[in-house]
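Novice: heads up, no residue letters with this:
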C-alpha cells in the first residue's frame, strides 16, 4: 500500500514503444531510499539516479512495475508475455485492482 501512495505522491508511469517505465522523483534522499527499500522488499532491484538535484528511483519492464504497484507476483495472470490482455489486442496495465 505504501508504494502505491508514493506513486500517487511522486510517481509517473510511461508506456513508450521501447517499454514501460515507472519512476519516483522523491523530495529528498531519505524518501528515495525508503522507496527503494520498499521496492527491494518486493524482490525487485530498482535503479537510482539524480536528476536536477533530486533523487529518482525507477524501474523498467511491465512485470516489475505490476509487482510494485499491485504487490503480488501473480498480478500478471491473464496477460501475455508482451503485456497484452489475452482477450484483447490492446496493451493494458489497467487490469490491476486497486
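Specialist: Received it, and whenever you're ready, just let me know what you need. Note that this is a predicted model, so its numbers are computed, not measured. Numbers count the residues shown, from 1 in each chain.
Novice: in the chain, which ranges drop under the pLDDT threshold?
Specialist: Within the chain, the ranges that satisfy pLDDT under 70 run 1, 71-98.
Novice: max-length helix in it?
Specialist: Identified as the longest helix of the chain according to DSSP state H is helix 29-41.
Novice: tell me the buried residues in it?
Specialist: By neighbour count with 16 or more other Cβ atoms under 10 Å, helix 29-41 contains the buried residues 31-32, 34-36, 38-39. Backbone N, C-alpha and C define where each C-beta goes, glycine included.
Novice: so which elements touch the helix or strand following it?
Specialist: For helix 29-41, the following helix or strand on the C-terminal side (DSSP states H and E) is strand 47-51. Applying 3 or more Cβ pairs under 8 Å, 6 or more residues apart in numbering; DSSP states H and E, we find strand 47-51 packed against strand 54-60.
Novice: list the buried residues for the strand it packs on?
Specialist: Neighbour-count burial for strand 54-60, counted by 16+ other Cβ under 10 Å, picks out 55-59.
Novice: center of the chain - which residue?
Specialist: Centroid-nearest residue in the chain: residue 65, 3.2 Å away (criterion: Cα atoms, centre = their mean).
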